[in-house]
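A.B. asks: turn this into a structure:
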Amino acid sequence: MKKGLLKHVTITSFLMLSAFMLKAQGIVFTPQVSGAASVSQQVGITNIEVNYSRPNVVSPQGQDRTGNLWGSPTVPYGFTNLGFGTATEAPWRAGANQNTVITFSTDVKVEGQDLSAGSYGLHIAVYEDNKATVIFSRDTESWGSYFYNKENDALRVDITTVEVAQTDLLTYNFIEATTDEAVLALDWEKKRFPIKISVNTPELVYQNFQEKLKGDEGFNVQSWVAAANYLAQNKIHLDDALNYANAAVEGQFFSDKNFNTLSTKAGVLVAMNNLDEAEKVMDEALSMPGVSINNYYGYGRQLIAQDRDKKALEVFTKASKKWSDHWLAPHGLARAYSAMGDYKKAAEYETKAIAKAPENSKQVLEGYLKTLKEGKDFN
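C.D. replies: Okay, the predicted model is just below:
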């Protein structure tokens with residue numbers, strides 16, 4: 001073993017042994033040189049958390065290791081015998097002190113490979129060619145990688161590292177995040193280790209609905225409406241979505257037939273491409289007490305989005321007869337005629353809408369009118 005590595009191992013071993021002895025004696029620890037930190041991110045309904053310690057590029061002895069960190073005794077390349085513990089082939093601990101631990105609240109995919117919900121010790125084997133292997137170990141209690149055992153591996157994934165600006169303190173951060181995926185990055189010195197994590201959020205939400213609707217939330221009609229709407233919007237499990245919508249309209253524990261529940265059912269039917277049945281349900285929804293011009297207007301816009309312009313014109317015409325003094329009545333007709341390519345008639349109705357509209361809406365409508373006069377559809 002090289003003299004420098006032996007010195008590094010000896011100092012580390014001494015510090016570890018001292019810490020274990022203090023813990024056994026119930027003595028309060030003094031602060032660690034590499035302080036503890038954590039970072040978390042919610043991806044859809046999945047929570048991801050990393051707990052780690054943050055070594056500095058500048059060693060505790062004051063040595064700046066920039067340019068000499070990777071492949072050194074601090075971060076050996078590949079798998080090495082660290083000279084302490086039980087591991088004869090150990091990766092880098094990807095932090096300092098105890099295991100770096102990453103926790104997933106649901107099942108995920110890491111770099112496209114499945115990983116079950118739970119907590120994992122995080123290790124990395126670093127290589128010279130900007131390659132690295134990220135290891136998720138079922139062992140989360142060990143100190144660093146000194147007791148690493150590949151039999152505890154839950155997953156290994158290969159990644160490519162990238163060069164970044166100098167980061168003195170080792171840092172984990174989520175550099176990208178959406179409702180379906182995130183990129184967790186480990187930055188230290190001038191190297192970044194990006195790890196892509198993805199989740200099937202719509203499927204997880206569906207599973208969550210299945211459980212929640214069996215409990216107290218199943219006695220709230222809005223829970224069934226929310227579940228049906230979500231599945232329809234994401235076009236998944238549509239048979240269940242229709243069952244949820246029917247439960248909202250005439251469920252076992254309640255019967256709540258109104259515009260909201262009926263329009264939800266119609267939305268599911270549209271997602272199932274059953275447009276004729278959806279139209280019948282929406283006609284019933286629009287006949288319910290308490291329906292407003294906003295309900296008609298919203299439905300008309302949905303029809304235009306579905307390229308069902310003639311039906312939209314029919315709906316806007318009914319709204320215009322019911323609420324002839326409301327500015328949305330002529331504006332709805334303008335939308336329908338614009339969608340059908342009759343820009344002259346659409347402009348006539350938009351002019352009427354501008355005359356009746358509140359001041360805070362006039363500027364938008366005037367923009368639509370300008371578009372119509374240019375011979376363009378403003379929908």
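
A.B. asks: mind giving me the domain ranges of this protein?
C.D. replies: The chain breaks down by automatic domain parsing into domains covering 33-199, 202-373.

A.B. asks: which residues in the stretch 101-250 of the chain form strands?
C.D. replies: Shown for the stretch 101-250 of the chain, the strands assigned by DSSP state E, counting those that start in this stretch span residues 108-110, 113-115, 118-126, 131-137, 153-160, 162-177, 181-198.

A.B. asks: including mean pLDDT, could the domains of the chain go into JSON lines?
C.D. replies: Output for these, formatted as JSON lines (pLDDT from 0 to 100):
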{"stretch": "domain 33-199", "mean pLDDT": "94"}
{"stretch": "domain 202-373", "mean pLDDT": "94"}
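
A.B. asks: just put these in CSV and tack on distance to N379.
C.D. replies: All C-beta atoms are positioned from the backbone trio N, CA, C, and that covers glycine. Converted to CSV, those look like this (distance: least, C-beta to C-beta, whole Å):
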stretch, distance to N379
domain 33-199, 27
domain 202-373, 5
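
A.B. asks: can you lay out those domains as CSV showing mean neighbour count?
C.D. replies: Shown next, in CSV, are the domains of the chain (neighbours: other C-beta atoms under 10 Å):
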stretch, mean neighbour count
domain 33-199, 17
domain 202-373, 18
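
A.B. asks: about what we covered before: the strands of the stretch 101-250 of the chain into TSV, with extra columns for distance to T371?
C.D. replies: Below are the strands of the stretch 101-250 of the chain laid out as TSV (distance: least, C-beta to C-beta, whole Å):
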stretch	distance to T371
strand 108-110	44
strand 113-115	49
strand 118-126	54
strand 131-137	52
strand 153-160	48
strand 162-177	36
strand 181-198	37
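
A.B. asks: elements contacting the one helix or strand K280 maps to?
C.D. replies: Applying DSSP states H and E as the criterion places K280 in helix 275-286. When contacts are defined as 3 or more C-beta pairs under 8 Å, 6 or more residues apart in numbering; DSSP states H and E, helix 275-286 sits against helix 259-271, helix 293-305, helix 309-322.

A.B. asks: what does that helix rub up against?
C.D. replies: Applying C-beta atoms under 8 Å, 6 or more residues apart in numbering, the contact partners of helix 275-286 are 258-259, 262-263, 265-267, 269-270, 291, 295-296, 299, 306, 308, 311, 315, 318.

A.B. asks: let's see it at 6 Å
C.D. replies: F259, L262, S263, K265, A266, L269, V270 (C-beta atoms under 6 Å, 6 or more residues apart in numbering).

A.B. asks: contacting residues around the closest residue to the fourth one other than its chain neighbours?
C.D. replies: The one in question is K265. Distances taken as C-beta to C-beta, 6 or more residues apart in numbering put A245 closest to K265, at 3.9 Å, once the chain neighbours are dropped. Contacts for A245 (C-beta under 6 Å, 6+ apart) come out as A228, T264, K265, V268.

A.B. asks: out of the residues you listed, who's nearest H331?
C.D. replies: Relative to H331, the closest of the contacts of A245 is T264; by C-beta to C-beta it sits at 25.4 Å.

A.B. asks: separation between that closest one and G290?
C.D. replies: As judged by C-beta to C-beta, to the nearest Å, T264 and G290 stand 16 Å apart.

A.B. asks: orientation of the helix holding K280 relative to helix 309-322 in degrees?
C.D. replies: If you take axes from the mean of the first three to the mean of the last three C-alpha atoms, to 10 degrees, helix 275-286 sits at 10 degrees to helix 309-322.

A.B. asks: return the alpha-carbon coordinates of helix 275-286 using CSV.
C.D. replies: What follows is helix 275-286 as a C-alpha-only set of coordinates in CSV (Å, rounded to 0.1, in the frame of the first residue of the first chain):
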residue,chain,number,x,y,z
LEU,A,275,-68.8,11.6,-28.4
ASP,A,276,-72.5,11.0,-29.1
GLU,A,277,-73.1,9.8,-25.5
ALA,A,278,-71.0,12.6,-24.1
GLU,A,279,-73.2,15.1,-26.0
LYS,A,280,-76.3,13.6,-24.5
VAL,A,281,-74.9,13.8,-21.0
MET,A,282,-73.8,17.4,-21.5
ASP,A,283,-77.2,18.4,-22.8
GLU,A,284,-78.6,17.0,-19.5
ALA,A,285,-75.9,18.9,-17.5
LEU,A,286,-76.8,22.2,-19.2
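
A.B. asks: so how far is it from its chain's centroid?
C.D. replies: Counting by C-alpha atoms, centre = their mean, to the nearest Å, helix 275-286 is centred 34 Å from the centre of its parent chain.
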